[in-house]
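A.B. asks: structure, please.
(chains A and B)
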Amino acid sequence: MTEPRKLIIGVGNPDRGDDGAGFAVAARLRECLDHRDDVRVMQHWGESTGLVDAMTGWGNVLIVDAARSGAIPGSCRTFDVGETGLPSDLADMSSHGFGIPQAIELARALGTLPAHCRVYAIEGATFNPGAPLSDVVQAAVEDVAREIMQSLESVDA
Amino acid sequence: MTTRTIKVGALARVEGEGALKVTIRDGKVKHAELNIFEPPRFFEGFLQGRAFTEAPDITARICGICPVAYQMSAVHAMEAAIGATITPEIRALRRLLYCGEWIESHGLHVYMLHAPDFLGYPGAIELANDEPEIVKRGLAMKKAGNAIVAMVGGREIHPVNIKVGGFYKAPSKKALNGLVEKLKQGRDIALDTVRWVAGFDFPDVERDYEFVSLSHPDEYPFNEGRIISNRGLDIDATAYPDHFEEFHMPQSTALHSRIKERGFYFCGPMARYSLNFSKLPDIAKDVAKEVGLGTVCKNPYQSIIVRSIELVFAFDEALRIIDGYQPPDPPSVPIAARAGVGHAATEAPRGMLYHRYQLAEDGAIEHATIIPPTSQNQATIEEDLTTFIPQWLNMNDDDLRWRCEQTVRNYDPCISCATHFLKLDIDRD
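C.D. replies: The predicted model follows:
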């Protein structure tokens, strides 16, 4: 059985503290998945039309981004958005009003949303310009990268 | 006196954060103010003490939509300050890069931000639900613009290949030729876009604006030209501080701007078009004529047509540049620090963007002034609201709110540039 191609997109801004969580997960996965040609890992700044374009043609996409929803910093929530959108507390993750939730809904409207699309939202602690990842988010990055690796292995199995 | 109040929590489809307050008393618009409450971003302060060579990379961070504009004004101002002269090949490649940014920005605004106003949709997602193929056209154009910026600038957002004196690396002719088919398709989509938006219903309004834009003897303006207006202004960028002044209004963290002699003015696509129609290529002129748009446009709601015509221009210009492209070799001219003052104005997608830098002997930036188009247009947006709203006071609150938002979006305001946007508060009888 041929598995669907999988795209992993780490979204964020590495120069804004924990907003770099998505980039960090992507970087970690790149190290681990260098030998896999059925999985592609990319980093993306989160501009929504670019995200729509990036997802188009893929059957299975994982998106990792930081969140500021009021949850416990370092916690990670996952959402399968192939059928339904992100919850409202994550609807305005971008200060520009057009981010991942809008990209998902736009792709859905255009009929290009991958059949399997999962969002990992890592709750950030600090988003200060130039700040490194906080310790709790750095730990979450490792956990999420490990979880994604395990999910890939379970698919392979 | 009776009061009627309409409030909107957040005005969408603009870039950034701010608010709008309209006060209506006794059936008249007493006051309209654009409240930009984005905290000041202090970029001009950040630049002080930094090397003149750092300005294009620092100023690019002012905006994720129009970083190229900041880079272009910065490099030209720095080159003026240090006395560097770029080659025609570098100049052409900068124009190509600017084409990419105009395509990205205008494509996004026309389809995702502004068209829903005219078609009765709350946003692009709802439009896409009903008309996916139309929205895909907009995305296809934006993707073509992204491809230009990525190839010339090194990446799609916040390009990294731009330096004072030119580029770090010039793309090969072969690489640019690889864009040609996509750009031809984009030009065709842009033509269809002009025809599509020209069929929208537009409020029948006009204002006698003072249009201000760059003007070049031979070209539709991007990077070079004198600053002119339809009321006799004709100056070099070095004279900008003599004729323009910024001032603070309590409702905004972004400075307002006016011409010292006369007052508020209009910069952006409608100004460029109205002052430079003759410089457009025939393909753009012809489609303007086809859809019945004159050589001057004073109806800000029709700015969506003008932006679409500028999309035709930008695609056509990109194809022209690629056709004659000779890679600049070397990709940059030598530069050396010296004390001096440099000014430059270039045409960002939203309008004229002025930079001024004062450099120390070692090239350190002693003083920086950056005046983005949205801050220049703030007062004119407010005047539009004051002028146009009275004829729509019979609208219900929801419709009037919609019209006010649309009026602001005519300008494609970039609040994060001007400092971010937008909540709306209408207070009326």
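
A.B. asks: could you use CA atoms for every contact and neighbour count after this?
C.D. replies: Fine.

A.B. asks: off-centre distance for stretch B:113-123?
C.D. replies: 20 Å (CA atoms, centre = their mean, to the nearest Å).

A.B. asks: taking the centroid of chain B, which residue is nearest it?
C.D. replies: Taking CA atoms, centre = their mean, the centroid of chain B lies closest to B:R350, which sits 1.3 Å from it.

A.B. asks: list the contacts for the closest residue to it other than its chain neighbours?
C.D. replies: Spatial nearest neighbour of B:R350, chain neighbours left out: B:G268 (4.8 Å); criterion: CA to CA, 6 or more residues apart in numbering or on different chains. Taking CA atoms under 8 Å, 6 or more residues apart in numbering or on different chains, we find B:G268 in contact with B:V212, B:S213, B:E347, B:A348, B:P349, B:R350, B:G351, B:M352, B:P373, B:Y411.

A.B. asks: which SSE is immediately downstream of the helix or strand hosting B:E133?
C.D. replies: Using DSSP states H and E, B:E133 sits in helix B:132-153. Remark: after helix B:132-153, the chain's next helix or strand is strand B:162-163, criterion DSSP H and E.

A.B. asks: who are the packing partners of that next one?
C.D. replies: Contacts defined by 3 or more CA pairs under 8 Å, 6 or more residues apart in numbering or on different chains; DSSP states H and E place strand B:162-163 against helix B:55-59.

A.B. asks: avg pLDDT for the next helix or strand after the helix it packs on?
C.D. replies: Using DSSP H and E, the helix or strand that directly follows helix B:55-59 along the chain is helix B:67-82. In this model, helix B:67-82 carries a mean pLDDT of 97.

A.B. asks: residues contacting the closest residue to chain A within the stretch 101-250 of chain B?
C.D. replies: Proximity of the stretch 101-250 of chain B to chain A (CA to the nearest CA) peaks at B:N129, 4.6 Å away. Contact partners of B:N129, counting by CA under 8 Å, 6+ apart, are A:A109, A:L110.

A.B. asks: so it belongs to a strand, correct?
C.D. replies: No: assessed by DSSP: H, G, I helix; E, B strand; the rest coil, B:N129 does not belong to a strand; its assignment is helix.

A.B. asks: what separation do you get for it and A:R108?
C.D. replies: 8 Å (CA to CA, to the nearest Å).

A.B. asks: with A:Q43 instead?
C.D. replies: 21 Å.

A.B. asks: could you give the bridge partners of the residue nearest to the spatial centre of chain A?
C.D. replies: A centroid search over chain A (CA atoms, centre = their mean) returns A:V64, at 1.6 Å, as the residue closest to the centre. Listed beta-bridge partners, A:V64: A:G10, A:Y120 (assigned using DSSP bridges).

A.B. asks: got the contact list for it?
C.D. replies: A:I8, A:I9, A:G10, A:V11, A:A21, A:G22, A:V25, A:V119, A:Y120, A:A121, A:I122.

A.B. asks: buried sites along the helix holding B:E133?
C.D. replies: B:132, B:134-135, B:137-153 (16 or more other CA atoms under 10 Å in any protein chain shown).

A.B. asks: again with stretch B:380-397
C.D. replies: Residues of stretch B:380-397 classed as buried: B:T380, B:I381, B:E382, B:E383, B:D384, B:L385, B:T386, B:F388, B:I389, B:L393, B:D397 (neighbour count, 16+ other CA under 10 Å).

A.B. asks: name the spans of chain A whose pLDDT lies under the cut-off.
C.D. replies: A:1-4, A:88-97, A:154-157 (pLDDT under 70).

A.B. asks: for it, just list every one of the helices.
C.D. replies: A:21-33, A:48-55, A:100-110, A:135-156 (DSSP state H).

A.B. asks: so which of these gets nearest chain B?
C.D. replies: helix A:100-110 (4.6 Å).

A.B. asks: and that closest one, what does it pack onto?
C.D. replies: Checking 3+ CA pairs under 8 Å, 6+ apart, helix A:100-110 ends up next to helix A:48-55, helix B:124-130, helix B:132-153.

A.B. asks: tilt between the longest one and helix B:67-82?
C.D. replies: Put plainly, it is helix B:132-153. 30 degrees (axes from the mean of the first three to the mean of the last three CA atoms, to 10 degrees).

A.B. asks: show me what from the stretch 51-200 of chain B comes close to chain A.
C.D. replies: B:A124, B:I125, B:E126, B:A128, B:N129, B:P132, B:E133, B:V135, B:K136, B:L139, B:K143 (CA under 8 Å from any CA of the partner chain).
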